[in-house]
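A.B. asks: Below: sequence and its predicted model.
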Number of protein chains: 2
Amino acid sequence: MDTSSSSQVLLPPLSRVVVSGGTHGDEMGGVYLVQGGAPCLKRTTFTAQTILSNPRATEARRRYTEADLNRCFTSASLSTPLSADSPYELRRAQELNRALGPKGGPGAVDVICDLHNTTTNMGLCLIGYSTRDWICLHLYRYLQEQMPSASVRYLVFEEGEEGSYSLESMAKHGFAMEMGPQPQGVLRADLFFQMKQAVTHTLDYIELFNTGTVFRGGGVEVYRKVCTLDYPRDPHTHQITAAVHPQLQDRDFCLLSPGDPLFLTLAGGETLPYEGETPLYPVFVNEGAYYEKNIAVTLAQKETVLLPPMSVQRE
Amino acid sequence: MDTSSSSQVLLPPLSRVVVSGGTHGDEMGGVYLVQGGAPCLKRTTFTAQTILSNPRATEARRRYTEADLNRCFTSASLSTPLSADSPYELRRAQELNRALGPKGGPGAVDVICDLHNTTTNMGLCLIGYSTRDWICLHLYRYLQEQMPSASVRYLVFEEGEEGSYSLESMAKHGFAMEMGPQPQGVLRADLFFQMKQAVTHTLDYIELFNTGTVFRGGGVEVYRKVCTLDYPRDPHTHQITAAVHPQLQDRDFCLLSPGDPLFLTLAGGETLPYEGETPLYPVFVNEGAYYEKNIAVTLAQKETVLLPPMSVQRE
């Protein structure tokens, strides 16, 4: 057993808290939440700030206008000199980094909760870059406890500041909050109010932390990205030649074993099985925005992370 | 009882049959069906032609590039002189009208089946402009009989050639085939193969008609558009201030009565009821593509249409 689970971790209070939406302009939950639909943002120890990340894409009701903003926050992109040809989203990323960062620096905001929707059946899923960010992981357990009827999960994309590319990576403790399924450009009331509730709980949690609550240690289950699979494609036209199999569609977080149906060919209706060597958990199954990224399915493994007891560091 | 139901109607054979997809470039069922996923198109009396209606929008995986192609087929639009500023889709509409029309003229193709997807829970729905097009209405009943596990419905938008604006209105007998729910830019295998099956049955039906089958008379239920309702909006920003109510979401074709929940406000979570005077059937409930058209819900009434017996006119 990891000894870190028994010795209490003390962390600085969280005073600068940002809730961002519209990082993708067609994911309407976050867009409408920050544009007039937010819950109360004020607590005794802080007032959260809302930000519309990509106003131009939101205006166009599209994911992005010239480049995917949520891939523009690598250290390399943030330090690239701008020219007349630079995409709007790169300019906007650097602008946000001046306001909320600098990424990795002591002046960066404490928390960014970046709101997203997915066309996939992923329920409520936090996405982070680390299994050592105790603020994010204790929040994850807190949300599971507060929202027992929701399926709250935690997905770890990659370790390390080097590889991190998304908006929330500017913060000392950043995470994306995904909610699905919801088509792009559509607002579903059920998901909107669930997102609003999750944001309220997030702010409550930060308040509890700041005011001295001791969060107990223990294990939480997380999913760690292992690899992605593309659709079968025509080698010349690059067009897809098979769809995600109906037996996999909507089955995010349901174990996929070698030999299970993966794709169904469009011309012949032939089933193509999953040919991996080990069972893994599929996520972002048939996500609309990922066709252009050559991702039909992301595969993850399940791990248990031992959380240490945690409380705020007194001055 | 309408006497037209007892005297047999004789109609000319159908030899020029078109199956079109990609009229909206992000409705992927039709796109992939005409791009390599089509069923067998050959019968003894005709061979159907497939057409990708809007190649540019399909390439961009968007509904349209400069104007909604499926609103460009009014007689006025088709006769508008083109200029350097004309939207791509208007040029394309006139090009298609030269190839498949001219709309309303004797040289127009016999049948256009225009394939669409919707983000709404409308199942398989044919959309036409008339309750007197016996070819389309007998097809409707044929599909209901052949696909008993699908909910096949028929929606009538407006009567008359004057008001018709969509691609299939170029044909002597045109209809749109809608299938949902499916997010834009996503292909769901289950819906794709259901669409493919419906197209196969459509071609079989035309073959049966051409080879002398007598289609019996009788009643069919259709839905006729009455009006549309917009989302509540901020008068200054025009931004929506309420979402479709969870009790209405996904309930296409389920009767909406005065007083039933219609919207839920985003800021306060207040329920706004349907204030119409008569119960009506909602369709295209919270369709992603209709936010820009100021349509939250389309309301329809249910009617019974009496079909006359029908068969092909011998030479």
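C.D. replies: Thanks, I have it.

A.B. asks: and A:Leu155, what helix or strand is that in?
C.D. replies: Using DSSP states H and E, A:Leu155 maps to strand A:152-156.

A.B. asks: Who are the packing partners of that strand?
C.D. replies: The contact analysis (3 or more CB pairs under 8 Å, 6 or more residues apart in numbering or on different chains; DSSP states H and E) places strand A:152-156 against strand A:123-128, helix A:134-146, strand A:218-229. In short, each C-beta sits where N, CA and C put it, glycine included.

A.B. asks: Any idea which of these gets closest to chain B?
C.D. replies: Nearest to chain B, of all these, is strand A:218-229, at 15.3 Å by CB to the nearest CB.

A.B. asks: Report the strands that pair with the helix or strand that the closest one is followed by, each with its relative direction.
C.D. replies: Heading C-terminal from strand A:218-229, the first helix or strand you meet, by DSSP H and E, is strand A:242-244. Strand pairing for strand A:242-244, determined by DSSP bridges: strand A:261-265 (antiparallel).

A.B. asks: Outside of the partner strand itself, list whatever touches it.
C.D. replies: A:229, A:231-232, A:241-248, A:256, A:270-275, A:296-297, B:189, B:193 (CB atoms under 8 Å, 6 or more residues apart in numbering or on different chains).

A.B. asks: relative orientation of it and strand A:218-229 in degrees?
C.D. replies: Per axes from the mean of the first three to the mean of the last three CA atoms, to 10 degrees, the angle that strand A:261-265 makes with strand A:218-229 is 30 degrees.

A.B. asks: Strand partners (parallel or antiparallel) of the very next helix or strand once past strand A:261-265?
C.D. replies: Downstream of strand A:261-265, the next assigned helix or strand under DSSP H and E is strand A:271-273. Strand A:271-273 has the following strand partners under DSSP bridges: strand A:261-265 (antiparallel).

A.B. asks: Identify each buried residue in the strand it pairs with, please.
C.D. replies: Neighbour counts over strand A:261-265 (16 or more other CB atoms under 10 Å in any protein chain shown) mark A:261-265 as buried.

A.B. asks: buried residues in the helix or strand of chain A with the lowest mean pLDDT?
C.D. replies: One helix or strand of chain A scores below all others by mean pLDDT, DSSP states H and E: helix A:75-78, with a mean of 94. Buried residues in helix A:75-78, defined by neighbour count with 16+ other CB under 10 Å: A:75, A:77-78.

A.B. asks: Nearest spatial neighbour of the residue in the stretch 101-250 of chain A that chain B sits nearest to, chain-adjacent residues omitted?
C.D. replies: Closest contact between the stretch 101-250 of chain A and chain B, by CB to the nearest CB, is at A:Pro183 (3.5 Å). Among residues not flanking A:Pro183 along the chain, B:Pro183 sits closest, at 3.5 Å (CB to CB, 6 or more residues apart in numbering or on different chains).

A.B. asks: and what of A:Glu287?
C.D. replies: Nearest non-adjacent residue to A:Glu287 (CB to CB, 6+ apart): A:Thr120, at 5.1 Å.

A.B. asks: For that neighbour, which residues are in contact?
C.D. replies: A:180-181, A:250, A:252, A:283-287.

A.B. asks: please redo it, this time with the cut-off set to 6 Å
C.D. replies: A:Thr120 is in contact with A:180-181, A:252, A:284-285, A:287, counting by CB atoms under 6 Å, 6 or more residues apart in numbering or on different chains.

A.B. asks: Let me know the distance separating the residue nearest to A:Thr23 when sequence neighbours are not counted from A:Phe209.
C.D. replies: Spatial nearest neighbour of A:Thr23, excluding adjacent residues (CB to CB, 6+ apart): A:Ser53 at 4.0 Å. As judged by CB to CB, to the nearest Å, A:Ser53 and A:Phe209 stand 25 Å apart.

A.B. asks: Repeat that for A:Arg251.
C.D. replies: Distance of A:Arg251 to A:Phe209, computed by CB to CB: 35 Å.

A.B. asks: for A:Ile135, same thing?
C.D. replies: A:Ile135 sits at a distance of 7 Å from A:Phe209 (criterion: CB to CB).

A.B. asks: first to last residue in stretch A:13-22, what's the distance?
C.D. replies: 27 Å (CA to CA, to the nearest Å).

A.B. asks: any idea which helix or strand carries A:Glu275?
C.D. replies: Applying DSSP H and E, one finds A:Glu275 in no helix or strand.

A.B. asks: Next: the one 3 residues further on.
C.D. replies: Taking DSSP H and E as the criterion, A:Thr278 maps to no regular element, lying outside all helices and strands.

A.B. asks: and it, how many residues sit next to it?
C.D. replies: For A:Thr278, the neighbour count with other CB atoms under 10 Å in any protein chain shown is 10.

A.B. asks: which SS state does the residue nearest to A:Pro183 fall under?
C.D. replies: Put simply, B:Pro183 is coil when judged by DSSP: H, G, I helix; E, B strand; the rest coil.

A.B. asks: quick one, strands of chain A?
C.D. replies: A:9-11, A:17-21, A:49-52, A:111-117, A:123-128, A:152-156, A:173-180, A:218-229, A:242-244, A:261-265, A:271-273, A:281-283, A:297-307, A:310-312 (DSSP state E).

A.B. asks: which residues touch the last one?
C.D. replies: Spelled out, that is strand A:310-312. Contact with strand A:310-312 is made by A:9, A:13, A:134, A:138, A:209-210, A:212, A:214-215, as judged by CB under 6 Å, 6+ apart.

A.B. asks: Which residues in it does the neighbour count mark as buried?
C.D. replies: So for strand A:310-312, counting by 16+ other CB under 10 Å, buried means A:310, A:312.

A.B. asks: chain center to that strand: distance?
C.D. replies: Distance of strand A:310-312 from the chain centroid (CA atoms, centre = their mean, to the nearest Å) equals 24 Å.

A.B. asks: how close does A:Ala108 sit to A:Ser75?
C.D. replies: Using CB to CB, we find A:Ala108 at a distance of 13 Å from A:Ser75.

A.B. asks: Can you give me the pLDDT of whichever residue of the stretch 1-150 of chain A sits closest to chain B?
C.D. replies: Minimum separation of the stretch 1-150 of chain A from chain B (CB to the nearest CB) falls at A:Gly37, amounting to 3.8 Å. In this prediction, A:Gly37 carries a pLDDT score of 85.

A.B. asks: neighbours of it, just the number please.
C.D. replies: Neighbours around A:Gly37, by other CB under 10 Å: 27.
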